[in-house]
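Peer 1: Quick one: sequence plus predicted model below, questions after.
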Amino acid sequence: MPNTSQVRARIIAATLRIIGDDGIAAVTNRRIAKEAGVSLGSVTYHFATQHDLLRESLRSFVDQETCRFTDLATRYCTDRTTTPEQATTLIGEVAADTAFDSEHIAPFELYIQAGRDPQLRAAAAECFAAYDRLAASLLGAIGTPDAERRAGPTVALIIGLQLRRLATGTSTDDLVDALLLLAGVPPQAT
């Protein structure tokens with residue numbers, strides 16, 4: 001029998017899948033319960049309102065992504081001597097590793113919903129702050145001047161290019177090139 005945290009995680013994962021597949025309007029407690037394999041009462045027990053569920057789903061996604069990106073950064077950026085080649089490898093790996101499955105599409109829906117729903121804005125702000133901290137750390141590790149100031153625009157560029165990639169089906173090359181340009185890393189010889 002799953003414990004409370006496992007049930008909660010299954011509910012959040014199901015919510016992200018539903019949002020990614022069919023949008024926020026498709027999120028109902030019955031559908032979540034069915035997709036998560038839990039009772040309907042479990043959904044309302046863990047999340048009193050849909051706002052709570054959406055907020056925690058967004059936070060959960062960002063927590064997982066931040067851990068993943070931090071692990072990658074630790075691998076490549078352990079000190080201030082990260083080379084442009086290592087930066088290129090890291091950026092390429094992050095971009096290529098971000099598949100557009102339903103759980104990775106869901107945050108775009110949730111960010112847009114935060115524009116309509118003030119109750120989600122604080123969670124969205126927390127998410128972007130986490131991305132900004134990570135970007136500042138990575139930019140600093142590769143020696144980018146004024147890394148903290150460039151972090152927000154870097155994150156905005158990534159989100160925008162990922163949205164473009166999602167909408168058009170393009171490759172990660174534009175994302176890698178744009179990030180290297182913004183970070184001040186010289187282009188690689190081809």
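Peer 2: Happy to help now that I have it. This is a predicted model, so every value here is computed, not measured. Numbering: from 1, shown residues only.
Peer 1: helices and strands of the chain: which one bottoms out on pLDDT?
Peer 2: None of the helices or strands of the chain scores lower by mean pLDDT, DSSP states H and E than helix 84-97, at a mean of 66.
Peer 1: And the helices in the chain, which stretches?
Peer 2: With DSSP state H as the criterion, the chain has helices at 4-22, 29-36, 40-46, 50-76, 84-97, 102-116, 118-141, 147-168, 173-183.
Peer 1: pLDDT weak spots in the protein?
Peer 2: Within the chain, the stretches with pLDDT under 70 are 1, 72-73, 75-102, 182-190.
Peer 1: Can I get stretch 128-144 in CSV, CA atoms only?
Peer 2: The C-alpha coordinates for stretch 128-144 follow below in CSV (Å, rounded to 0.1, in the frame of the first residue of the first chain):
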residue,chain,number,x,y,z
PHE,A,128,11.3,31.5,-12.1
ALA,A,129,13.4,32.5,-9.1
ALA,A,130,14.7,28.9,-8.8
TYR,A,131,15.6,29.0,-12.5
ASP,A,132,17.3,32.4,-12.1
ARG,A,133,19.4,31.1,-9.2
LEU,A,134,20.5,28.1,-11.2
ALA,A,135,21.2,30.1,-14.3
ALA,A,136,23.3,32.6,-12.3
SER,A,137,25.3,29.7,-10.8
LEU,A,138,25.9,28.2,-14.2
LEU,A,139,26.8,31.5,-15.8
GLY,A,140,29.2,32.3,-13.0
ALA,A,141,30.8,28.9,-13.3
ILE,A,142,31.7,29.5,-16.9
GLY,A,143,33.0,32.9,-16.1
THR,A,144,30.2,35.1,-17.6
